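Q: With the input below, show me the fold.
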Amino acid sequence: MFLYVGCAIGHLPSLVYSKFSLGFAGIFVVISALVSAIGITFYADIKLTMISAEVVPFLILAIGVDNIFLISRAERQVPAHVKD
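A: Residues are numbered from 1 along each chain as shown. So this is what the prediction gives:
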């Protein structure tokens, strides 16, 4: 997933315009949010069901990756005079 997002978002030959780190950071944020949510449920002594253990992580990862693509596209569409 890291490689897919990194290659799809950025231009790998260019070191200046490479957004590989953006993809890596986005996946890292999604995975850390998932791990912290599971930790909170364990701390609250809530039983972990099969749906929350197997389905929810893939759903959260898919939504997070989609958001990474949307944010990257919106950043590319901002005019140059606004970025300065």
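Q: So in the protein, which helix runs the longest?
A: In the chain, ranked by residue count with DSSP state H as the criterion, the top helix is helix 20-43.
Q: which element is His81 on?
A: Per DSSP states H and E, His81 falls inside helix 80-83.
Q: And the average pLDDT for that helix is what?
A: For helix 80-83, mean pLDDT is 76.
Q: So Asp45: helix, strand or coil?
A: Classification of Asp45 using DSSP: H, G, I helix; E, B strand; the rest coil returns coil.
Q: what stretches of the protein score poorly on pLDDT?
A: Residue ranges of the chain with pLDDT under 70: 1-2, 6, 10-18, 83-84.
Q: So which elements touch the longest helix of the chain?
A: Using 3 or more Cβ pairs under 8 Å, 6 or more residues apart in numbering; DSSP states H and E, the elements in contact with helix 20-43 are helix 2-9, helix 56-76. C-beta: built from backbone N, CA, C; applies to glycine.
Q: got the CA coordinates for that helix in CSV?
A: Only the C-alpha atoms of helix 20-43 are listed here, as CSV (Å, rounded to 0.1, in the frame of the first residue of the first chain):
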residue,chain,number,x,y,z
PHE,A,20,6.3,9.7,-1.7
SER,A,21,6.7,11.0,1.8
LEU,A,22,3.1,12.4,1.7
GLY,A,23,1.8,9.0,0.9
PHE,A,24,4.0,7.4,3.6
ALA,A,25,2.8,9.9,6.2
GLY,A,26,-0.8,9.5,5.2
ILE,A,27,-0.7,5.7,5.5
PHE,A,28,1.2,6.0,8.8
VAL,A,29,-1.5,8.4,10.2
VAL,A,30,-4.3,5.9,9.2
ILE,A,31,-2.5,2.9,10.7
SER,A,32,-1.7,4.8,13.9
ALA,A,33,-5.3,5.9,14.2
LEU,A,34,-6.4,2.3,13.8
VAL,A,35,-4.0,1.1,16.4
SER,A,36,-4.9,3.8,18.9
ALA,A,37,-8.7,3.0,18.4
ILE,A,38,-8.1,-0.7,19.1
GLY,A,39,-6.0,0.2,22.1
ILE,A,40,-8.8,2.4,23.5
THR,A,41,-11.3,-0.4,23.0
PHE,A,42,-9.0,-2.8,24.9
TYR,A,43,-8.5,-0.2,27.6
